[in-house]
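Undergrad: Structure, please.
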Amino acid sequence: MNDHLASFDSLLTPEGRALLDTVRDTDPADELAVATRLRREHPAELVSAALGQARLRQRAVAKFGAADAGRMFFTPNGVEQSTRASVAAYRAGRMKELGIASVADLCCGIGGDAIAWARAGIRVLAVDRDPVTAAAARANMAALGLGDLVEVREADVTEVDTSGFDAVFVDPARRGGRGRIFDPEAYSPPLSWAVEAARKAPRAALKIAPGIPHEAIPDDVEAEWISDGGDVKEAVLWFGTDPGAVRATLLPGPRSLLARGLRDPEVRPVGRYLYEPDGAVIRAHLVADVADELDGGLVDATIAYITADELRPTPYATAYEITDRLPFNVKKLKALLREREVGVLTVKKRGSAVEPEELRKKVKPQGPNSATVFLTRVAGAPTMLVGRPA
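TA: So this is what the prediction gives:
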């Protein structure tokens, strides 16, 4: 680990920073040639570290934007696991509205959440036990001019005193050496420890995987699922806000849908419109709330597709006008698409084992028109629904 830390620290020297500027826009295909040239004037280890950091910064643009990513420092896990800037900003806004002025950020990673809180004027203690990760977080606060509001501490989060803070935020590591961890008790630290740490604070937020089983969620918390641009990013357990509440929040916006305790929607025949709920709505088990808003029902009791006869705009689902309904039959679908001269085919599936790319290859769409086909079940039967965005 000392070697990794020394390699990272070398990037913070004047020579390292100059080298980072030099390799900033290096195309991956040109890395070997660039490395060979730069090693004539700089240590090989420093050149490798600078090129690796340049790759990480390029990957981080999607989460942090070009302006911040180009100045920040990352680790491979930090890019993968850090909170997207838009989500962090939303959460910081919620905390600001709650009157929170200081946060203990446990398992802070490279500091994505700490950046958002500091920019909202909230004082932060950011803690991570990994020396390189803590060094990256510290460098990021300095690079973005936030060092006065954020203290970065290399420590075991289970040994940190958080009693002087208005709120605690815990983001346990959910990846291990073998990839994503699905058992909440295998998080680092375990979910049970994080829950207890959160309960000791006046207010707290606990970031968890969006696929967590609802039965694993304590009864005394508010559970919120967050999507950004239609992609589910995370779930958050809020302590000290609205116990028992369940909500789905969609970004940009934000737009929040709060559970009303409705029963599951009835199954009804496929109508003129099919609605695909946002992933956060599905993860939060709020399909019934959207169906009620649309005066719709389900196409199948086990499938999260809503059908309705009227078009009603809603931010919580995407509407499609259904033109055709077919039993699952590739030849019939191919003939229909040929007749409609469909060359641009979007394939969506829910409740089907068929892979979209596999179907696309079989039907070989050709022509100037476009269509969307849903591979699903309708009242238990494998079905193809063909339509277009409404």
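
Undergrad: Now Ala259: phi and psi?
TA: When read as degrees, to the nearest 10, the backbone of Ala259 gives phi -60, psi 140.

Undergrad: how near is the residue nearest to it when sequence neighbours are not counted to Val281?
TA: Among residues not flanking Ala259 along the chain, Val246 sits closest, at 4.0 Å (Cβ to Cβ, 6 or more residues apart in numbering). Yep, even glycine has a C-beta here, placed from its N, CA and C like the rest. Separation of Val246 from Val281 (Cβ to Cβ, to the nearest Å) stands at 11 Å.

Undergrad: Also Ala120?
TA: 27 Å.

Undergrad: Could you do Asp21 as well?
TA: 44 Å.

Undergrad: now swap in Lys233 and tell me
TA: Counting by Cβ to Cβ, the gap from Lys233 to Val281 is 14 Å.

Undergrad: go on, Asp292?
TA: 12 Å.

Undergrad: more crowded one of the two?
TA: Val281 (27 against 15; other Cβ atoms under 10 Å).

Undergrad: residues contacting that one?
TA: 225, 248, 257, 287, 289-290, 316-317 (Cβ atoms under 8 Å, 6 or more residues apart in numbering).

Undergrad: give me that answer again for 6 Å
TA: 248, 290, 316 (Cβ atoms under 6 Å, 6 or more residues apart in numbering).

Undergrad: Excluding chain neighbours, give the residue nearest to it in space.
TA: Leaving aside its chain neighbours, Val281 sits nearest to Ala248 (4.6 Å; criterion: Cβ to Cβ, 6+ apart).

Undergrad: On the three-state scheme, the one you found is what?
TA: strand (DSSP: H, G, I helix; E, B strand; the rest coil).

Undergrad: so it makes contact with His285?
TA: No - the pair formed by Ala248 and His285 falls short of the contact definition of Cβ atoms under 6 Å, at 9.1 Å.

Undergrad: Helix or strand next in line after the top helix by length along the chain, which one?
TA: When the chain is parsed with DSSP state H, its longest helix is helix 44-69. Downstream of helix 44-69, the first helix or strand assigned by DSSP states H and E is helix 76-81.

Undergrad: quick one: Glu321 from Val270, how far?
TA: 12 Å.

Undergrad: neighbour count winner among those two?
TA: Val270 (21 against 13).

Undergrad: Could you find the closest non-adjacent residue to the more buried one?
TA: Using Cβ to Cβ, 6+ apart, the closest residue to Val270 is Thr307 (5.1 Å).

Undergrad: and that neighbour, what element?
TA: Assigned by DSSP H and E, Thr307 belongs to strand 306-308.

Undergrad: so what does the very next helix or strand once past that strand touch, helix or strand wise?
TA: Moving toward the C-terminus from strand 306-308, the next helix or strand (DSSP H and E) is strand 317-327. Counting contacts by 3 or more Cβ pairs under 6 Å, 6 or more residues apart in numbering; DSSP states H and E, strand 317-327 packs against strand 273-277, strand 381-389.

Undergrad: So which elements touch the longest one?
TA: If you count contacts as 3+ Cβ pairs under 6 Å, 6+ apart, strand 381-389 packs onto strand 317-327, strand 369-378.

Undergrad: Next, the angle strand 369-378 makes with the first one.
TA: Think strand 317-327. Orientation of strand 317-327 against strand 369-378 (axes from the mean of the first three to the mean of the last three Cα atoms, to 10 degrees) gives an angle of 80 degrees.

Undergrad: hmm, who's touching the very next helix or strand once past strand 317-327?
TA: Next in sequence after strand 317-327, counting helices and strands by DSSP H and E, comes helix 330-340. Helix 330-340 is contacted by residues 326, 362-363, 365, 369, 384 when judged by Cβ under 6 Å, 6+ apart.

Undergrad: just the buried members of the residues you listed?
TA: 363, 365, 384 (16 or more other Cβ atoms under 10 Å).

Undergrad: Distance to Gly78 and pLDDT for the residues you listed - can I get that in TSV?
TA: Formatted as TSV, these follow (distance: Cβ to Cβ, whole Å; pLDDT from 0 to 100):
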residue	distance to Gly78	pLDDT
Val363	42	93
Pro365	41	93
Met384	43	96
